[in-house]
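K.L.:
Model the structure of this input:
(one chain, ligands or ions: 1)
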Amino acid sequence: MTTRWGILGTGRIANVFCDTLLKVEDAEIYAVGSRTEEKAKLLGAKYHAKKCYSSYEELVSDPDIDIVYVATPIICHYEHVKVCLLAGKNVLCEKLFVQTTEEAEELIALAKSRNLFLMEALWTKFHPVYQKIVQWKEEGKFGDVKCVEASFYTCGTKEHRLYKDTTQGGCLGDLLIYPLLYACTMLGYKPIKVNAAAMKNSDNIDIVESIQMQYTDGKFAALTGGIASERQALLSIYGTEGRMVIHKEYFYEAQSVTLLNWNNEIIDTFECPFEINGYEYEVKEVMQCLRAGQIQSMIHPMEDVIGMLRLMETCRTQWDESL
Ligand SMILES: NC(=O)c1ccc[n+]([C@@H]2O[C@H](COP(=O)([O-])OP(=O)(O)OC[C@H]3O[C@@H](n4cnc5c(N)ncnc54)[C@H](OP(=O)(O)O)[C@@H]3O)[C@@H](O)[C@H]2O)c1
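P.N.:
Presented below is the predicted three-dimensional model:
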């Protein structure tokens, strides 16, 4: 049973996602939609889409599309997801889903009232390595998880899109979401205390930041990220029985992982190269959910999106208070 995808937006990640869809069994790039005819035709021709629409409204009105992938900048997500849902379309929306819990709650309620599938495309969460780390945690292989340290710096100057483009939503939503994901997965979405600080540019965009989260029993997370001179993405998870370090590759796209005890002996190791480019796992999850008639993914339920947005709101409030 083929799933016919509609692609909303024609930028960088839309191209990567289409590269993936081309190779996933039973997925079809059925239609693409852009704000301009030229870009719709360009992407449509590149990926052999049956339909190319020069407005998002036309795209979502096509009755033959099973699901729309929203690939626009963060600030546009609320509006574009709403357009899709109101037109009766299932939606996979790029991260960060939206900017506030209020917006997210409204869209979740709308999807639910119309029995439509809704998911944020937080691709890392569907990766075999991420799933293995969760399994190790559930099996108690870390012992009691005590600490998560993670950083995600992207290499860039003042010309970087995140620095310049106010529609992109800053480094918190674009980059820190990955360190936060691991912290929340291992320690929970409800720390007892958050300390967040950000450096902003003259356009009020957060470009470097740190987030420390304290939990009960002395557990904590220390997270940093932003635009720096070198690209770097590190993740360490420490527990009473052992530690896991991903240091040879960017942790959010890791394809191997090793768990060591405190004598530096290997407890377990796992390797799973991507079948395509790493986006295939979220695509397959979406298609499986649609076939099963689910309106949410059990791997990435919208409740986790709300948990993440609440934390980000706490961070933003602290930035404002420290001015
Ligand atoms: N999962 C991942 O690994 C990953 C990686 C990179 C980015 N992302 C996420 O994907 C989303 C898009 O990122 P991107 O890097 O693909 O951005 P991008 O290259 O700037 O593309 C965004 C596209 O959105 C459309 N758009 C609609 N309204 C727009 C507006 N007001 N300003 C600019 N573009 C607008 C444009 O397509 P048309 O002109 O054709 O309408 C544009 O090409 C973001 O949420 C980002 O966080 C995810």
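K.L.:
Phe17 - how many residues pack around it?
P.N.:
25 (other CB atoms under 10 Å). Backbone N, C-alpha and C define where each C-beta goes, glycine included.
K.L.:
Doesn't Met308 belong to a helix?
P.N.:
Yes: residue state for Met308 (DSSP: H, G, I helix; E, B strand; the rest coil) corresponds to a helix.
K.L.:
and the closest residue to it other than its chain neighbours, which of the three is it?
P.N.:
Using CB to CB, 6 or more residues apart in numbering and skipping residues adjacent in sequence, the residue nearest Met308 is Leu180, 6.2 Å away. Following three-state DSSP, we place Leu180 in the helix state.
K.L.:
What is the neighbour count of Leu180?
P.N.:
Leu180 has 25 neighbours, counted by other CB under 10 Å.
K.L.:
What separation is there between it and the ligand?
P.N.:
14 Å (CB to the nearest ligand atom, to the nearest Å).
K.L.:
Tell me the predicted confidence for that residue.
P.N.:
pLDDT, Leu180: 98.
K.L.:
Would you confirm that Gly226 contacts Cys155?
P.N.:
No: counting by CB atoms under 8 Å, Gly226 does not reach Cys155; the two are 10.9 Å apart.
K.L.:
who has more neighbours, the two?
P.N.:
With neighbours defined as other CB under 10 Å, Gly226 and Cys155 compare such that Gly226 has more, 24 against 11.
K.L.:
Please enumerate the strands of the stretch 1-150 of the chain.
P.N.:
3-8, 27-33, 51-53, 67-70, 90-94, 118-121, 145-155 (DSSP state E, counting those that start in this stretch).
K.L.:
For the helix or strand that the longest one is followed by, give me every contacting residue.
P.N.:
Note on strand 145-155: by DSSP states H and E, the next helix or strand toward the C-terminus is helix 161-164. Outside of helix 161-164, the residues that reach it under the criterion CB atoms under 8 Å, 6 or more residues apart in numbering are 154, 156-158, 168, 170-171, 174-175, 201, 203, 205, 207, 227.
K.L.:
cool, stretch 239-247 as well?
P.N.:
Counting by CB under 8 Å, 6+ apart, 129, 133, 136, 140-146, 234-237, 254, 257-262, 267 sit against stretch 239-247.
K.L.:
redo that, cut-off 7 Å
P.N.:
Residues outside stretch 239-247 that contact it (CB atoms under 7 Å, 6 or more residues apart in numbering): 133, 141-146, 234-237, 254, 257-262, 267.
K.L.:
Just the buried subset of those, please.
P.N.:
133, 141-142, 145-146, 234-237, 254, 257-260 (16 or more other CB atoms under 10 Å).
K.L.:
Now the nearest residue to Cys289 once chain neighbours are set aside, what are its backbone angles?
P.N.:
Leaving aside its sequence neighbours, Cys289 sits nearest to Ser297 (CB to CB, 6+ apart; 5.5 Å). Reported as degrees, to the nearest 10, the phi and psi values for Ser297 are phi -90, psi 140.
K.L.:
With Val257 instead?
P.N.:
phi -160, psi 150.
K.L.:
Verify the stated contact: it with Val134.
P.N.:
No: look at Val257 against Val134 with CB atoms under 7 Å: they stay out of range, at 11.4 Å.
K.L.:
show me what contacts Gly307?
P.N.:
So Gly307 contacts Cys184, Tyr189 (CB under 7 Å, 6+ apart).
K.L.:
which residue is nearest the centroid of the chain?
P.N.:
Centroid-nearest residue in the chain, with CA atoms, centre = their mean: Leu122, separated by 2.5 Å.
K.L.:
Quick check: closest non-adjacent residue to it.
P.N.:
Using CB to CB, 6+ apart, the closest residue to Leu122 is Lys95 (5.0 Å).
K.L.:
which SS class is Leu172?
P.N.:
Assignment for Leu172 (three-state DSSP): helix.
K.L.:
Would you agree it is in contact with Ile211?
P.N.:
No: assessed by CB under 7 Å, Leu172 is found out of contact with Ile211, at 8.5 Å.
K.L.:
list residues touching both of the two?
P.N.:
Cys315.
K.L.:
Can you tell me the closest non-neighbouring residue to Pro273?
P.N.:
Gln255 (5.1 Å).
K.L.:
And the one you found, how far from the ligand?
P.N.:
15 Å.
K.L.:
Kindly tell me how buried that residue is, as a neighbour count.
P.N.:
Residues near Gln255, counting by other CB under 10 Å: 15.
K.L.:
Next, work out how far apart the closest residue to the ligand within the stretch 201-323 of the chain and Arg243 are.
P.N.:
Closest contact between the stretch 201-323 of the chain and the ligand, by CB to the nearest ligand atom, is at Tyr279 (7.3 Å). In this view, Tyr279 and Arg243 are 29 Å apart by CB to CB, to the nearest Å.
K.L.:
Lovely, talk soon.
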